[in-house]
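1. predicted model follows, preceded by the sequence.
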Amino acid sequence: MAESSAAARSRTIAKHLLTIGAVSLRPDHPFTWASGLRSPIYCDNRLTMAFPEVRRAITDGFAAIVSEHDLSPQVVAGTATAGIPHAAWLADRLNLPMAYVRSSAKAHGQGKRVEGRIEAGQHVVVVEDLVSTGLSSVAVVEAVQEVGATVDAVLAIFTYGLPAADAAFRRAGVPLYTLTNYRTLIDVAVSENRLDRTSLDTLLEWQQDPEAWSRRWVEIAE
């Protein structure tokens with residue numbers, strides 16, 4: 001059976017992220033997220049800015065998602081800070097206005113959280129670099145909704161595929177469309193011999209219950 005265009009795109013983007021070193025796999029020495037959660041994987045999609053071929057593939061992918069899901073945005077909004085460049089490239093491709101949303105309102109000047117222009121009644125797509133728990137993405141959705149606009153979807157380069165994110169987007173009532181995901185990334189890493197069996201088992205175990213895995217690691221480390 002022929003691979004779907006979305007599946008092929010997912011594998012291509014995953015391979016790009018691995019090749020440029022945007023993804024670090026460290027099962028034996030976990031990373032600590034801002035939330036305090038320990039993780040054997042870290043994805044730094046800011047590195048994609050340095051590779052024209054990769055950022056073009058990302059823009060192509062986002063444009064394809066907009067078309068495939070019959071989205072008709074009037075504004076493309078990036079999340080500060082890593083989503084901003086990708087929102088700009090997508091807005092340019094679609095010939096649309098672009099804005100960005102701060103994590104919190106600016107403490108000086110006009111005190112804005114939404115920069116650029118999003119008007120009440122407009123349809124918006126939000127561009128993220130990655131999704132972990134989904135809480136920061138949903139906070140951006142809510143900020144856009146507060147100005148009276150409608151968020152048709154959140155687009156992201158990568159998702160860890162955590163249940164918490166699925167729940168957050170369900171509560172928000174906004175779909176999430178991603179270029180690639182945790183499982184695809186692992187599949188590609190295995191096919192390219194980037195993971196041994198032990199590391200693979202660790203990564204799969206972490207995704208099933210990140211909080212429990214994190215707690216066990218902290219207990220062992222202490």
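-> The structure has been received and is ready for your questions.
2. what's the neighbour count on E53?
-> For E53, the neighbour count with other CB atoms under 10 Å is 11. Using the backbone N, CA and C atoms, a C-beta is placed for each residue, glycine as well.
3. and it, what are its phi and psi?
-> When read as degrees, to the nearest 10, the backbone of E53 gives phi -60, psi -40.
4. distance of it relative to G161?
-> In this view, E53 and G161 are 26 Å apart by CB to CB, to the nearest Å.
5. swap in P85?
-> Distance from P85 to G161, by CB to CB: 24 Å.
6. same thing with H16?
-> 18 Å.
7. ok, those two, which is more surrounded?
-> The neighbour comparison of H16 against G161 (other CB under 10 Å) goes to H16, with 22 against 16.
8. could you find the closest non-adjacent residue to the more buried one?
-> Nearest residue to H16, sequence neighbours excluded (CB to CB, 6 or more residues apart in numbering): V54, at 4.6 Å.
9. please name the residues that touch the one you found.
-> H16, L17, I20, T48 (CB atoms under 8 Å, 6 or more residues apart in numbering).
10. do S137 as well
-> When contacts are taken as CB under 8 Å, 6+ apart, S137 is in contact with T79, V126, E128, V131, V154, A156, A165, A168, F169, L176.
11. of the residues you listed, which is the most crowded?
-> V126 leads the contacts of S137 on contacts (other CB under 10 Å) with 29 neighbours.
12. and that one, what pLDDT?
-> We have a pLDDT of 98 for V126.
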